[in-house]
Every structure is written in C-alpha cells, then in structure tokens.
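Asker: no sequence on this one, just coordinates:
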C-alpha cells in the first residue's frame, strides 16, 4: 500500500469514520480538508443493489450536471456536410470522417475526451470499436452520442454532460466537479446525479437500491454519505 501524505492523514484524522454524513455535510467536510497543489476532481461512488451480470439490472445513462464538471471537454464529431458545420458552430474541437478514423487507427491519436457521431457515420466509427470501446469513448444512441442533432449533443458535452455506468462490482463512479466549486454547487451536481440514478432503478431489483455512497477528492479520503439523505429533498 503506498505511503499516505501528511495532508491525507490530517484529513483522515478530522473525519468520523463511523459517521454517515448528509450529502451537504460531506461536501463541506471535503472542501474544508487540507488542499492539494492542484484543483482536485470530486468523485462520487454509489454502491447499488444490482447484479450487473444480468442485462435487465444494468444501470447506465448520461446527465448534464447543473454546474458542469469544471474542465474543458474536447469533443470529436464524426459528421459530414451540413452536420459538419453544425458541429463546428456548436464548438466541436475536431470534426471529420475517414481521415480522423485513420489518424486514430494509424497514429494512436486520442486528443479528445468525447466522441459523437451522426447515424450515417457509424459505418466508419464501427471500425474503431476495438480502440474506442476500452476507453469508454464509443458513441452510443442511448447516451445521446449517436444522433442527427450533433449541435445539441456538442453543447451538452461542453456544458458538463457525464456518463455513468455500474461496474462489475455494482458500483457507479462519477466525477461531479472540482474542489474549487462552492459546496452548494457540488451538492447540486451530486443530487442531480443521484436523482437520475435512483429513477433508473431496474424493475427486477429487490431490496435496497442505493446501499452505500461515498464522496472523495482525487487525493483525499472518502466521506461516507447516508444513502437516504440525498433523497429527503424529493
């Protein structure tokens, strides 16, 4: 196990490991902890009462966070003709077709964070499945990244759209902003994400859906959150 920094140990000493914090308290504690030398990402981990091995218990989707994610998202769009101009006008960083696919395949070029494609370009994009898939970059109609409305899709990504997906252990990990955000804005982002995940509860699941929640910064310890607290405002 790597040696923990003095800053981490100090933050850990000041937290109550046996306490379930409200979501609001957890954000305040996280912000009050000793700061790192960079603007850390705030991450939320949600342990769900699902079995991801069953297709009908897969929890996956996307949401535009109310206050964005605190960083510039580089967007690549596969489109042509009028849709190419629409994507560029919306702020896409890279737009094209076969030439971009070739650059990715032959040069290992990955200077982008999100990929969007019009339906007619999926023949080109499909050939990139082996390189985009493992990186979580493959466009998907269910996530709004395969769409004829590329302008809207680009604006959503630039505004702070995040994707969430339950992993093999039944946990959703998602970045919800930066430590520099006001605690209220972090709370708003976390609440919006938790709400959309709660509403995505599969009908086939039994028992408690949201079992455990924790929030942490990149270099800090995790604060355990009472799973009921984010839902009390609903």
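Answerer: Yep, it's here. These numbers were taken from a predicted model, which means no experiment stands behind them. Residues are numbered from 1 along each chain as shown.
Asker: how near is the residue of the chain positioned farthest from its centre to residue 118?
Answerer: Distance to the chain centre peaks in the chain at residue 81, reaching 30.6 Å (criterion: CA atoms, centre = their mean). Residue 81 is 9 Å from residue 118, where distance means CB to CB, to the nearest Å. For the C-beta atoms, the positions are set from N, CA and C on the backbone; glycine is no exception.
Asker: repeat that for residue 174.
Answerer: According to CB to CB, residue 174 stands 27 Å off from residue 118.
Asker: these two: which is more packed in?
Answerer: Higher neighbour count among residue 174 and residue 118: residue 118, with 24 against 21, using other CB atoms under 10 Å.
Asker: which residues touch that one?
Answerer: Applying CB atoms under 8 Å, 6 or more residues apart in numbering, one finds that residue 118 lies in contact with 78, 79, 80, 83, 146, 147, 148, 150.
Asker: how much space separates it from residue 140?
Answerer: Distance of residue 118 to residue 140, computed by CB to CB: 14 Å.
Asker: shared neighbours, those two?
Answerer: residue 146.
Asker: so which bits of the helix ranked longest in the chain are buried?
Answerer: What stands out as the longest helix in the chain, according to DSSP state H, is helix 183-199. Under the neighbour-count criterion of 16 or more other CB atoms under 10 Å, helix 183-199 has 183, 185-194, 197-198 buried.
Asker: of those residues, closest to residue 47?
Answerer: The closest of the buried residues of helix 183-199 to residue 47 turns out to be residue 197 (CB to CB; 11.4 Å).
Asker: any idea of the pLDDT on the closest one?
Answerer: With respect to pLDDT, residue 197 scores 94.
Asker: so it sits against residue 50, correct?
Answerer: No: Residue 197 lies out of contact with residue 50 (CB atoms under 8 Å); the separation is 10.6 Å.
Asker: average pLDDT across stretch 163-179?
Answerer: pLDDT averaged over stretch 163-179 gives 93.
Asker: and it, what's buried?
Answerer: Buried residues in stretch 163-179, counted by 16+ other CB under 10 Å: 163, 164, 166, 170, 171, 172, 174, 175, 176, 177, 178, 179.
Asker: just put the buried residues of helix 183-199 in CSV and tack on distance to residue 105.
Answerer: Shown next, in CSV, are these (distance: CB to CB, whole Å):
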residue, distance to residue 105
183, 44
185, 40
186, 39
187, 43
188, 40
189, 36
190, 38
191, 41
192, 37
193, 34
194, 38
197, 35
198, 40
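Asker: and which of those residues is nearest to residue 91?
Answerer: Nearest to residue 91 among the buried residues of helix 183-199: residue 189, at 21.2 Å, using CB to CB.
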